[in-house]
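Q: okay, here's the prediction I keep looking at, along with the sequence it came from:
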Amino acid sequence: QKEVEQNSGPLSVPEGAIASLNCTYSDRGSQSFFWYRQYSGKSPELIMFIYSNGDKEDGRFTAQLNKASQYVSLLIRDSQPSDSATYLCAVRENNNDMRFGAGTRLTVKP
Amino acid sequence: KAGVTQTPRYLIKTRGQQVTLSCSPISGHRSVSWYQQTPGQGLQFLFEYFSETQRNKGNFPGRFSGRQFSNSRSEMNVSTLELGDSALYLCASRQGQGNGYTFGSGTRLTVV
């Protein structure tokens, strides 16, 4: 059974801190990795994607990928209350299926 | 550029009825996928269509079906509704298999 696993949280960080969100996946042939943010009552929106091992930075967001460890993470620097949402990790598997984790709920406290 | 449009936004149906949900992808996106989202199960993959062909199907009963038209618009149908079908149904489109999805606002289905 292929899986994408995330800590469901809630993860609580103070405003201005770094939030670290983690995701592991089971399909070793997975090709692409995505992070989505979902506010309560809204649909998911794509915030980052990463294909290669290493780090990818976009503003306050950094995605990190380690294919050997089958691990992908999202760091949010200078966290803001507006970052409070559920973050979904998604993995494009070897058969091109897109599999989502259950999400980590992040709360940033002012 | 218009986003992914789903209609209707909300539906209330009775057990045993059937329902059809509609999705118009972003212009130029030929791949359309459907997901069911519930608080307990998260995002569950229903099916993906590309160029009017079902490319992948998730682990849902045959009551759930879909199709895609030549203009890439897609519909999903659920027959003989059950209470457990109450969920947010999300449609997503993407330009190619290597790209991420853009989601529509969803259709919230309540079965009573």
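A: It's in.
Q: which stretches of chain A have low pLDDT?
A: Under the criterion pLDDT under 70, no range of chain A is flagged.
Q: what residues does it have near chain B?
A: A:31-32, A:34, A:36, A:42-46, A:49, A:51, A:88, A:90, A:92, A:95-103 (C-beta under 8 Å from any C-beta of the partner chain). From N, CA and C alone the C-beta is placed, and that goes for glycine too.
Q: just those residues: which are in strands?
A: The members of those that map onto strands under DSSP state E are A:Ser32, A:Phe34, A:Tyr36, A:Glu45, A:Leu46, A:Phe49, A:Leu88, A:Ala90, A:Arg92, A:Met98, A:Arg99, A:Phe100.
Q: all strands of chain B, in order?
A: Under DSSP E, chain B gives strands at B:5-7, B:10-13, B:19-24, B:31-38, B:42-50, B:53-57, B:64-68, B:74-78, B:87-94, B:102-103, B:107-111.
Q: make JSON lines from those strands and add mean neighbour count, distance to chain A and mean pLDDT to it.
A: Formatted as JSON lines, the strands of chain B follow (neighbours: other C-beta atoms under 10 Å in any protein chain shown; distance: least, C-beta to the nearest C-beta, whole Å; pLDDT from 0 to 100):
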{"stretch": "strand B:5-7", "mean neighbour count": "16", "distance to chain A": "9", "mean pLDDT": "97"}
{"stretch": "strand B:10-13", "mean neighbour count": "14", "distance to chain A": "12", "mean pLDDT": "98"}
{"stretch": "strand B:19-24", "mean neighbour count": "19", "distance to chain A": "12", "mean pLDDT": "98"}
{"stretch": "strand B:31-38", "mean neighbour count": "23", "distance to chain A": "7", "mean pLDDT": "95"}
{"stretch": "strand B:42-50", "mean neighbour count": "21", "distance to chain A": "4", "mean pLDDT": "92"}
{"stretch": "strand B:53-57", "mean neighbour count": "14", "distance to chain A": "6", "mean pLDDT": "91"}
{"stretch": "strand B:64-68", "mean neighbour count": "19", "distance to chain A": "16", "mean pLDDT": "97"}
{"stretch": "strand B:74-78", "mean neighbour count": "20", "distance to chain A": "16", "mean pLDDT": "98"}
{"stretch": "strand B:87-94", "mean neighbour count": "24", "distance to chain A": "6", "mean pLDDT": "96"}
{"stretch": "strand B:102-103", "mean neighbour count": "22", "distance to chain A": "4", "mean pLDDT": "95"}
{"stretch": "strand B:107-111", "mean neighbour count": "18", "distance to chain A": "9", "mean pLDDT": "97"}
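Q: about what we covered before: drop anything exposed from the ones in strands among the residues of chain A next to chain B.
A: Among those, those buried by neighbour count (16 or more other C-beta atoms under 10 Å in any protein chain shown) are A:Ser32, A:Phe34, A:Tyr36, A:Leu46, A:Phe49, A:Leu88, A:Ala90, A:Arg92, A:Met98, A:Arg99, A:Phe100.
Q: from the opening residue of stretch A:39-47 to its closing one, how far?
A: Length of stretch A:39-47, first residue to last, C-alpha to C-alpha, to the nearest Å: 12 Å.
Q: identify all contacting residues around it.
A: Residues outside stretch A:39-47 that contact it (C-beta atoms under 8 Å, 6 or more residues apart in numbering or on different chains) are A:34-38, A:58, A:61, A:85-86, A:88, B:43, B:90, B:100-106.
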